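S.K.: Quick one: sequence plus predicted model below, questions after.
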Amino acid sequence: MRTVTETATATDEVPLLDDLMPWSVAPLRLGRPWVMAPDAPSLRARWDTLTGADEARRAALFGSTRARTPHSAVAQLPGQDTRTGRIAREDGRCPDPVRVLHGGFDEQWLIPDHRLIDVARPELWRVLDDRQLFVVEQGHVPQSAGPAVLVSALLPDGRSPAGRPGRIRPLYRRPGGHEPNVSPGLLEALADRYGHGVSADDLLCWIMAAAESAPGGCAVPLTADAGVWASGVELGRRMARIQLRGAHGGERPRLPGGRRPYVRAALPARPDSIAYDPDEEELRIGDGGRISPVPAQAWDFEAGGVRVLELWFERRTATAEAGTLEAVRPAVWPQEWTSQLLELITVLALLDELLPRRAESTHGPRITAAELRTAGVLPPPAAVRRPASVLDHQEEGPEGQFALL
């Protein structure tokens with residue numbers, strides 16, 4: 001392969017994330033909101049309500065779509081030990097809910113049952129393991145603040161906090177951290193330019209630090225300077241550690257002593273409002289609940305055009321229609337939600353400190369998309385835009401039959 005040619009100016013063509021990480025998957029489409037919730041016990045209660053109802057009531061609670069009805073015959077989700085008989089006659093216990101990333105920053109729970117989800121993206125479940133990371137594009141919103149991409153060790157739903165669809169890009173095409181989802185030859189070309197090895201993880205960290213949202217797709221400026229590359233990778237690694245919240249053996253994010261948020265007054269059992277006092281750096285929740293110190297940057301943090309903390313709270317307190325499965329929820333505010341809120345405040349505050357430094361990654365000479373084409377790196381082969389064949393286990397098809405992959 002030819003080496004990447006000499007440097008480019010800032011006005012030259014910037015490579016797209018779609019070419020650097022060619023395999024991407026569209027967002028999950030649940031079809032019915034009751035299959036996801038901020039707490040696992042509510043999902044189990046919803047399941048019991050559904051399976052304990054008579055045929056007519058079960059159909060009404062289920063919420064049929066063109067993709068799914070209580071009589072749909074559906075294969076098992078890869079890696080999940082769920083039944084494949086029709087929901088219309090299901091009488092077993094609820095499958096164990098799994099943790100997922102909803103809207104970029106909200107860790108929720110999902111019933112991992114293919115019979116309940118319109119479009120679950122089985123190809124993502126096949127490569128989901130303790131080595132996998134997912135890059136999630138946030139979609140272009142003009143003049144919107146916040147990062148262009150996020151990273152998650154949890155299965156993401158692929159949407160921005162405002163609900164806009166993005167693309168989900170697994171870091172690896174196969175389980176076990178095998179076959180990086182990177183355009184063939186790219187890592188070698190970058191290693192040749194910088195004079196040292198470049199891993200898929202390094203590239204992911206650079207993307208975290210340098211990616212820019214644009215109307216034509218997420219752009220990733222590639223520096224031609226080894227020093228700028230090293231500092232950008234380190235910045236992206238710090239951003240990733242914060243977002244991963246302790247996954248893959250990392251440390252959970254913490255603000256420096258004296259700046260860590262604490263509950264100063266207990267949250268009420270049924271909080272119905274959230275507000276911020278900038279003078280006291282205090283988050284006020286419902287009637288009397290107080291958390292401080294809360295940096296203004298955490299309260300003001302926006303992604304996709306919405307304030308993340310307000311949306312997180314709204315998803316837990318918005319009124320649901322009576323008689324629906326969405327209305328099956330905790331009677332009082334769970335303690336675990338308070339812990340999650342404290343962690344989210346920390347994540348947003350720490351990320352906000354790092355975001356201004358992202359501009360440093362775009363300074364100086366660049367490697368352009370044209371240079372990568374000359375080097376034979378771009379365009380990536382069509383085959384790497386498709387999921388790899390994963391044949392390491394049998395998957396149960398509809399009504400207990402085994403699927404052939």
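M.R.: Everything's here; your move.

S.K.: residue closest to the middle of this structure?
M.R.: The geometric centre of the chain, computed from its C-alpha atoms, lies nearest to residue 156 (CA atoms, centre = their mean), at 3.6 Å.

S.K.: Am I right that that one is in contact with residue 137?
M.R.: No - contact criterion CB atoms under 8 Å: residue 156 and residue 137 do not qualify, at 10.3 Å. C-betas here are computed from N, CA, C, even on glycine.

S.K.: And the lowest mean pLDDT element among the helices and strands of this protein?
M.R.: strand 402-403 (a mean of 50; mean pLDDT, DSSP states H and E).

S.K.: how long is stretch 376-383 from one end to the other?
M.R.: 16 Å (CA to CA, to the nearest Å).

S.K.: Tell me where the stretch 101-250 of the chain has helices.
M.R.: Along the stretch 101-250 of the chain, the stretches classed as helices by DSSP state H, counting those that start in this stretch are 122-126, 186-194, 200-210, 226-244.

S.K.: Present those helices as a markdown table; the columns should include distance to residue 115.
M.R.: Converted to a markdown table, the helices of the stretch 101-250 of the chain look like this (distance: least, CB to CB, whole Å):
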| stretch | distance to residue 115 |
| --- | --- |
| helix 122-126 | 13 |
| helix 186-194 | 40 |
| helix 200-210 | 34 |
| helix 226-244 | 31 |
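
S.K.: from the ones you listed, which stretch is densest packed?
M.R.: Each of these was assessed for mean neighbour count using mean count of other CB atoms under 10 Å. The highest is helix 200-210, with a mean of 23.

S.K.: That one: how far from the chain's middle?
M.R.: 16 Å (CA atoms, centre = their mean, to the nearest Å).

S.K.: which strands and helices sit next to that helix?
M.R.: helix 17-20, strand 149-152, helix 186-194, strand 222-223, helix 226-244 (3 or more CB pairs under 8 Å, 6 or more residues apart in numbering; DSSP states H and E).

S.K.: again, only using 6 Å
M.R.: Helix 200-210 sits against helix 226-244, with contacts defined as 3 or more CB pairs under 6 Å, 6 or more residues apart in numbering; DSSP states H and E.

S.K.: Pull the residues that contact the helix it packs on.
M.R.: 150-151, 153, 194, 202, 205-206, 208-210, 223, 250, 253, 347, 350-351, 354, 357, 361, 364 (CB atoms under 6 Å, 6 or more residues apart in numbering).

S.K.: Pop the domain breakdown of the chain in here.
M.R.: Per automatic domain parsing, the structural domains of the chain span 17-253+358-403, 262-349.

S.K.: Would you mind finding the most buried of those domains?
M.R.: Sort the domains of the chain by mean neighbour count, taking mean count of other CB under 10 Å, and domain 17-253+358-403 sits at the top with a mean of 19.

S.K.: How far off centre is that one?
M.R.: The answer for domain 17-253+358-403 is 6 Å, by CA atoms, centre = their mean.

S.K.: just stretch 331-339 next, same as before
M.R.: So, by CA atoms, centre = their mean, the centroid of stretch 331-339 is 23 Å from its chain's centroid.

S.K.: same thing with stretch 289-304?
M.R.: Distance of stretch 289-304 from the chain centroid (CA atoms, centre = their mean) equals 21 Å.

S.K.: measure it end to end?
M.R.: Stretch 289-304: ends 28 Å apart by CA to CA.

S.K.: can you check stretch 131-151 too?
M.R.: Across stretch 131-151, first to last residue, CA to CA, it's 13 Å.

S.K.: Then stretch 274-287?
M.R.: Stretch 274-287: ends 9 Å apart by CA to CA.

S.K.: Give me the residues contacting it.
M.R.: For stretch 274-287, contacts defined as CB under 6 Å, 6+ apart pick out 267-268, 271-273, 290-294, 296, 299, 313.

S.K.: Go through these and name the one nearest residue 128.
M.R.: Closest approach between the contacts of stretch 274-287 and residue 128, by CB to CB: residue 313, at 28.6 Å.

S.K.: which residues sit in contact with residue 119?
M.R.: With CB under 6 Å, 6+ apart, residue 119 has these contacts: residue 29.

S.K.: and if we set it to 8 Å?
M.R.: Going by CB atoms under 8 Å, 6 or more residues apart in numbering, residue 119 touches 26, 28, 29, 31, 67.

S.K.: between the residues you listed, which is nearest residue 40?
M.R.: When the contacts of residue 119 are compared for distance to residue 40 (CB to CB), residue 28 wins out at 18.1 Å.

S.K.: From residue 362, how far off is the closest one?
M.R.: 32 Å (CB to CB, to the nearest Å).

S.K.: after the helix or strand containing residue 349 comes which helix or strand?
M.R.: Residue 349 is located in helix 335-354, with elements delineated by DSSP states H and E. Sequence-wise, the next helix or strand downstream of helix 335-354 (DSSP H and E) is strand 366-367.
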